[in-house]
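Q: coords please:
(one chain, ligands or ions: 1)
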Amino acid sequence: MANESLRQQLAWLYELQEHDRELLSFHKQLQTIPKQIAQLEASVTKYKVEITAKTEELGEIEKNLRSLNAKLEMNEVQKEKYRNEQRTVTTNKEYAALENQIEFLDKQDGETEEEILELMEMVDQYQDELTELESKAVSEDQKTAERTKAYREEQKNLKANIEQKMEQRKEYFPKIEKDLSTQYQRWMEKRKSDFVALGRNGTCGSCRLTIQPQNLKEAQKYEKLVYCTSCKRLLYVEPESSDIPYP
Ligand SMILES: [Zn+2]
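A: Below is the predicted model:
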């Protein structure tokens, strides 16, 4: 039953290929996870950066406010000084000159107060914006934590699956001829695509071209390895009799 043995080996090799296809897909999924977690973290960082910038701007406005208030206080002291002097001067001209100074400072104070009002409105606005940003950051943080947890869970499962698949993979090699498994491994490393092509209805399942009749006949005997003349893959063709298991 040497024929049967080669057919069985082709079946195992095909099974190994399917197994490896799944393994590769697990690896690909696993590779995307760190990137997805990094993206989630970036969205949280974005809010934090915005909050820091806005807090700094607010700090600047508050600093300006303090210096404007200090200016008002200084003017108050100065005006008090002029008023005291007014009580001691003896001429109308001196009195009027002091009055002028006081009026000048009053006018300056009026402008300062307007500026203060504007800045206070800005402070209110900035504080509202910050509150909103902070609440958004908190909800983004929560969302990210949940999603990250889910990704970590997925990562753990994938790793466990890969480990299990790698273990199962070992079982194929003692059953398959060394030469055949070596051909398979080399092809996979080089081409990163299927090595075994199923042949159904006289067509190569990989390149979709018709298998040459002579080749098909040879392949159906399962006596030697037959390759697709077009895509060079190893053919595992449907048996002539439906009694033989396939694939
Ligand atoms: Zn082909």
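Q: what residues does the chain have near the ion?
A: With the criterion set to C-beta under 5 Å from the ion, the chain comes near the ion through 204, 206-207, 228, 230-231. All C-beta atoms are positioned from the backbone trio N, CA, C, and that covers glycine.
Q: could I get those residues as CSV with pLDDT, neighbour count and secondary structure?
A: Formatted as CSV, these follow (pLDDT from 0 to 100; neighbours: other C-beta atoms under 10 Å; DSSP: H, G, I helix; E, B strand; the rest coil):
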residue, pLDDT, neighbour count, secondary structure
C204, 98, 23, strand
S206, 97, 20, coil
C207, 97, 15, coil
C228, 97, 22, coil
S230, 96, 15, coil
C231, 97, 16, coil
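Q: among the residues you listed, which two are most distant?
A: Within the residues of the chain next to the ion, S206 and S230 form the most distant pair, 8.9 Å apart (C-beta to C-beta).
Q: how about the CA coordinates for stretch 61-80, as CSV?
A: Extracted in CSV, the C-alpha atoms of stretch 61-80 (Å, rounded to 0.1, in the frame of the first residue of the first chain):
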residue,chain,number,x,y,z
ILE,A,61,-4.2,85.4,32.5
GLU,A,62,-4.3,85.2,36.2
LYS,A,63,-0.8,86.6,36.5
ASN,A,64,-1.9,89.6,34.3
LEU,A,65,-4.9,90.0,36.6
ARG,A,66,-2.8,90.2,39.7
SER,A,67,-0.5,92.8,38.2
LEU,A,68,-3.5,94.9,37.1
ASN,A,69,-4.9,94.7,40.6
ALA,A,70,-1.5,95.7,42.0
LYS,A,71,-1.5,98.7,39.7
LEU,A,72,-4.9,99.8,41.1
GLU,A,73,-3.6,99.5,44.6
MET,A,74,-0.5,101.5,43.8
ASN,A,75,-2.6,104.2,42.2
GLU,A,76,-4.8,104.3,45.3
VAL,A,77,-1.8,104.9,47.5
GLN,A,78,-0.6,107.6,45.2
LYS,A,79,-4.0,109.3,45.1
GLU,A,80,-4.2,109.2,48.9
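Q: now that stretch: buried residues?
A: 61, 65, 68, 75, 79 (16 or more other C-beta atoms under 10 Å).
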